[in-house]
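> Quick one, structure for this:
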Amino acid sequence: MERPSASDRRWLVVILVVTAAAYLPTLGNGYVWDDVPLIVQNALFDAPFNPRTAFFTDLWAGAAIGDEAASGYFRPLMVASLWVDHGLGGHAAVAHLHSLVWHLVAVALAFRLGARVGGPSVALAGAVALALHPAQSEAVMWVAARNDLMAAVFGLLGVVLVTGDRPRPMWAVLAAVCAGLSKESVFLMPVAAAMVLRWGAQPLDWRSVGRRLVPLVVGLGLVVGLRMGLGVGGARGPSAEGAALVSRSVPALVGWLGWKLAVPWPLSSGYVLEYLDRLSRAGLVAGGLGVLGGAVLVAVRGGRVGRLALGWGVLFLAPTAWALATTGWMGERYLYLSMLGVGWGLGALVDIRSGPARVVVGVLGLSWAVQLGLRTADWKTDATLWQSAWMATPSPFTAESLGHALRGAEGPEAAVPWFVRALDDDKPLSTACGPLMRSAVGSGKMVRAVQLGHWAHARGCRDPEFHGWRALTLASTGRWGKLEVLLDDAGSDPGGRLDIARAALALVAHDDDAYAEVEARWTGARPLRPQAEALVANATRHAPVVPAEDPMR
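Next up is the predicted model:
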């Protein structure tokens, strides 16, 4: 097998430099989306570094966002890396630079492994795809996705250590442990290593393959044992409805994958299974035909390396089915390791070091770098991220997400129209019901909030949070009859707003027994009576009958 020359290694340096330059503007971005609860608001980082806390707690422990506090995500090295960020000042620029370093290390390891898979051309093609394909931007620009980068680094290192001319089993065990402590998807790494050993440039028989895999299996086994010893459960699994939705969406998913690989722009964080039908049907068909045709071409013309590349790509796409069935979200970062297989497939078909091919790959790589630069602006804030997602993939999902972002950036008034958009659809997003009413109340326009509550109820809103906020609007505008009807149907809500409204209704009716019953079960931090009296006082300032308003106003 031809080994990478000094010239090939210089090209790797060029790839790394271009990648760093493309991502460097990210250092001016802030924390966005899950970064805020996971990093900025996480109580874990209020205290000095504690190894026991870092290595033996749930990833989302301390994030104070409800059920996520027991997410089942055991990724202690990710937690430790975030502690490093805080130790260096906690500024977002530090965190983004830290993530970029992990990405560059993954690219260097991918080059080394690619050389063992199929020689210099395959190594360079894989490095270019992993480093610069625009779909990789989500994993690099989103600090909360750093575990994908860390798992890739340690997983690739483990494969490199067991596939070399002189295997290093002890170091491979350590790499496997670190990979398993970064993200669960690397439990497929022994399979990936087996493919490289069996079908790589220097194929081995199955007995030799088995011996070489032992360190990786041992390392990952230690992680499993640690999880069992600590009583760490698995992450939330998919529902039957989610699994059925994935099954029905397979043709469209294949089309989306092909289109995303060939024409990555525009990028978006708003791809979700439920609204996959909003994408261009022609684009999905073209993408599906393209990815299937490309797979056949690589398998037939790419020989042994081509089939290995296909196997690698499919192997690391497989875990995304679980994530899709659980959340319905089609994260571009899910393609991170599979992208290496795409590059290897290209390198198996064409020697990218030849003159014409080098020009084509160079132009493609530079165009990707430009797209990465453009994508940087999208990840600047929550508002810019979801504004770009709405423009690229308009749906109730992106409308609701933009509503949350604008509520934090500009206030509740700016958020109301977007939560309305999330509900004013053939497939309304019910999770927008509570935020809509919360924002309507927060805007201070209680009469409009009453009308929005009536409209949203007609759209199917029934969740406890929605009922709680709606009850406050009815009480504060003196609609006691409608409030009584609502309270007869509603049970309780986590915020206790229904009980505040019940107490206000009891005060108006001078029903001391009803008020005493509500007060007896009150557990809120603030006293009940002042809140109920405030609703009654506010009700006297509103006329009992108000013309309906357009909820979009």
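> so the nearest residue to residue 188 once chain neighbours are set aside, which of the three states?
Nearest non-adjacent residue to residue 188, counting by CB to CB, 6 or more residues apart in numbering: residue 315, 5.7 Å away. All C-beta spots, glycine's among them, are computed from the backbone N, C-alpha and C. State at residue 315, reduced to three classes by DSSP: H, G, I helix; E, B strand; the rest coil: helix.
> how near is residue 315 to residue 86?
35 Å (CB to CB, to the nearest Å).
> that older thread, settle this for me: the residue nearest to residue 188 is touching residue 194, isn't it.
No: using CB atoms under 8 Å, residue 315 is not in contact with residue 194, being 10.2 Å away.
> Tell me which of these two has more neighbours.
A side-by-side neighbour count of residue 315 and residue 194, using other CB atoms under 10 Å, places residue 194 first with 21 against 17.
> Surely that one touches residue 214?
No: with contact defined as CB under 8 Å, residue 194 does not reach residue 214; the gap is 11.6 Å.
> and residue 371, what is it in contact with?
Residues in contact with residue 371 (CB atoms under 8 Å, 6 or more residues apart in numbering) are 134, 264, 265, 267.
> residues contacting the first one?
The contact partners of residue 134, by CB under 8 Å, 6+ apart, come to 264, 265, 267, 368, 371, 372, 375.
> before we move on, what about the third one?
Neighbour list for residue 265: 134, 371, 374 [criterion: CB under 8 Å, 6+ apart].
> Try it again at 6 Å.
Counting by CB atoms under 6 Å, 6 or more residues apart in numbering, residue 265 makes contact with residue 371.
> so where's the protein uncertain?
Low-confidence segments of the chain (pLDDT under 70): 1-2, 54, 59, 61-72, 232-237, 542-553.
> Would you map out the domains in it?
Domains of the chain are assigned by automatic domain parsing as 6-378, 395-539.
> export those domains to TSV and tack on distance to residue 388?
Converted to TSV, the domains of the chain look like this (distance: least, CB to CB, whole Å):
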stretch	distance to residue 388
domain 6-378	4
domain 395-539	9
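> Residue 389 is nearest to which of those?
Evaluated with CB to CB, the domains of the chain place domain 6-378 nearest to residue 389, the distance being 3.6 Å.
> ends of that closest one, how far apart?
Taking CA to CA, to the nearest Å, domain 6-378 runs 38 Å from one end to the other.
> chain center to it, what's the gap?
The chain centroid and the centroid of domain 6-378 are separated by 13 Å under CA atoms, centre = their mean, to the nearest Å.
> What of stretch 501-511?
The chain centre lies 45 Å from the centre of stretch 501-511; the measure is CA atoms, centre = their mean.
> okay, which residue is most central for the chain?
Nearest to the geometric centre of the chain sits residue 331, at 5.6 Å (CA atoms, centre = their mean).
> how much space between that one and residue 165?
Residue 331 sits 37 Å away from residue 165, going by CB to CB.
> What of residue 126?
20 Å.
> If you count surrounding residues, which of those two has more?
Using other CB under 10 Å as the criterion, residue 126 and residue 165 rank with residue 126 on top: 29 against 6.
> give the contact list for the more buried one.
Per CB under 6 Å, 6+ apart, neighbours of residue 126: 110, 114, 340, 343, 344.
> Specify the local secondary structure of residue 48.
Three-state assignment for residue 48 (three-state DSSP): coil.
> now residue 167
coil.
> And for it, the neighbour number?
Using other CB under 10 Å, residue 167 has 16 neighbouring residues.
> buried stuff in stretch 299-310?
With burial defined by 16 or more other CB atoms under 10 Å, the residues of stretch 299-310 counted as buried are 299, 302, 305, 306, 307, 308, 309, 310.
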